[in-house]
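Student: I would like to see how this sequence folds:
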Amino acid sequence: MKKTLQWILILTASFLSITRCKSKSEGSETETIDSTSNAAPVSVAHLSSWNDGDTKTAITDYVRKVTAQGDAAFIPVEDRIAVFDNDGTLWAEQPLYFQMIFAFDRIRQIAPEHPEWKNKEPFKSLLAGDMKKVFAQGEMALIGIMNASSAGMTGAEFTTIVQQWMDTARHPISKKPYTSMVYQPMLELLQYLRENQFKTFIVSGGDIDFMRAWTEKTYGIPNYQVVGSSLKAQYGLNKDSVPSINRLAQFDFLDDGPGKPVGIYRHIGQRPVFAAGNSDGDYQMLQWTTTGTGTRLAIIVHHTDSVREWKYDRNSPIGKLDKGLTDAPKYGWKLVDMKNDWKVIFPK
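Tutor: Residues are numbered from 1 along each chain as shown. Predicted structure coming up:
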């Protein structure tokens, strides 16, 4: 249980430390990609939010080479698999993973149905707004909140609730809808790859059902191309004998760290040729992608902009990037310098 819930343990320190940060207002088989290619030009119109430079060139040269018939680096369409982490890679992840905020909001919403929570921890402290005390209660308290926020729901009910939350909830610092906290340059990259016949997948440590509720509308990625952590589920019939899939209050699979290549193996069944991440939780996914044969590319979104977003890496309790930052040159992973590589961060 503890091993499969490592990402929840991180939250104990993160909420108390990150919320004090200032807001936005204040490998050998892998071919090296070069800038010379006789491949046909590929449209880069959808990378308009990327500044010209080594990172953008590495991406466009890679796509140009692997999509050019006759080029030694050519990759058949059926093998053009691109995987993307979600939190911190496609949308923001500060001051706390958004799904945890959803769970907190959900508990507050359904509290009238549970009068016993007024005197039961950790719900008592959460409802009183004493977040320091909530986190001080540790792992099992957070597990209890996560479980209670969706316990007894069918998959369809959970999807509806998540979609309603996405329509109404606002980020605690920017005051924007959470789906406005996505990265415009990454939206363009997703589209650019799809225009060049890549199939794009999300491979995230987040709850697979939570993401599937909104990823197609936000990213253009259908729910069957989302890989994530999951609770156990059970088939059953309701009182009217209507079949349903019911979410159980038990973890099933953690799609983070070494779990990501396993999730790719189970859900996609094919080794990616392109990968994007932002933290050490993506390390094994990037490693798995770039150590295969043929021409491959991996990028790491490095959070370097303390004005337009947040600046963090090695010492952050959320989205920690330490080992990946050190080993990026070893594997040829390209660092996306958010401050210098992106003209804009969020959609206008």
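Student: identify each buried residue in stretch 55-62, please.
Tutor: Residues of stretch 55-62 classed as buried by neighbour count (16 or more other CB atoms under 10 Å): 55-56, 58-62. Where you see a C-beta, it was placed from the backbone N, CA and C, and this is true even at glycine.
Student: correction: stretch 111-126
Tutor: 117, 122-123, 125-126.
Student: now do the helix or strand where residue 101 lies: everything it contacts.
Tutor: Assigned by DSSP states H and E, residue 101 falls within helix 98-110. Residues outside helix 98-110 that contact it (CB atoms under 8 Å, 6 or more residues apart in numbering) are 8, 11, 87, 91-92, 117, 123, 126-127, 142, 145-146, 148-150, 161-162, 165, 169, 172, 178, 181, 206-207, 210.
Student: rewinding a little: closest to residue 155 among the buried residues of stretch 55-62?
Tutor: Nearest to residue 155, judged by CB to CB, of the buried residues of stretch 55-62 is residue 59 at 35.9 Å.
Student: show the pLDDT at the nearest residue to residue 94 once chain neighbours are set aside.
Tutor: Here the nearest residue to residue 94 in space, its sequence neighbours aside, is residue 310; by CB to CB, 6 or more residues apart in numbering that works out to 4.7 Å. At residue 310, the pLDDT value in this model is 98.
Student: do residue 150 as well
Tutor: Residue 150 is given a pLDDT of 83.
Student: just residue 38 next, same as before
Tutor: 35.
Student: repeat for the one 4 residues further on
Tutor: Reading off the per-residue confidence, residue 42 sits at a pLDDT of 45.
Student: from the centre of the protein, point out the most distant residue.
Tutor: In the chain, counting by CA atoms, centre = their mean, residue 240 sits farthest out from the average C-alpha position, at 37.4 Å.
Student: now it, what's its secondary structure?
Tutor: coil (DSSP: H, G, I helix; E, B strand; the rest coil).
Student: so who does it touch?
Tutor: Contact partners of residue 240, counting by CB under 8 Å, 6+ apart, are absent.
Student: distance check, it against residue 246.
Tutor: 15 Å (CB to CB, to the nearest Å).
Student: likewise residue 333?
Tutor: In terms of CB to CB, residue 333 sits 40 Å off from residue 246.
Student: who's more crowded, the two?
Tutor: residue 333 (25 against 18; other CB atoms under 10 Å).
Student: surely that one touches residue 286?
Tutor: Yes: assessed by CB atoms under 8 Å, residue 333 is found in contact with residue 286 at 5.8 Å.
Student: low-confidence ranges in the protein?
Tutor: Across the chain, residues meeting the criterion (pLDDT under 70) sit at 1-45.
Student: for residue 184, what are its contacts?
Tutor: Applying CB under 8 Å, 6+ apart, the residues near residue 184 are 49, 342, 344-348.
Student: of all those residues, which two lie farthest apart?
Tutor: Farthest pair in these, by CB to CB: 342 and 348, 13.0 Å.
Student: returning to what we had before: what about the contacts of helix 98-110, which are in strands?
Tutor: Applying DSSP state E to the contacts of helix 98-110, the entries found in strands are 206-207.
Student: can I assume residue 63 sits in a helix?
Tutor: Yes: assessed with three-state DSSP, residue 63 lies in a helix.
Student: three-state assignment of residue 73?
Tutor: Once three-state DSSP is applied, residue 73 turns out coil.
Student: I'd say it and residue 66 touch.
Tutor: Yes: using CB under 8 Å, residue 73 makes contact with residue 66 at a distance of 5.3 Å.
Student: list residues touching both of the two?
Tutor: In contact with both residue 73 and residue 66: residue 295, using CB under 8 Å, 6+ apart.
Student: more neighbours: these two, which one.
Tutor: residue 66 (26 against 18).
Student: I'm done for today, thanks for sticking with me.
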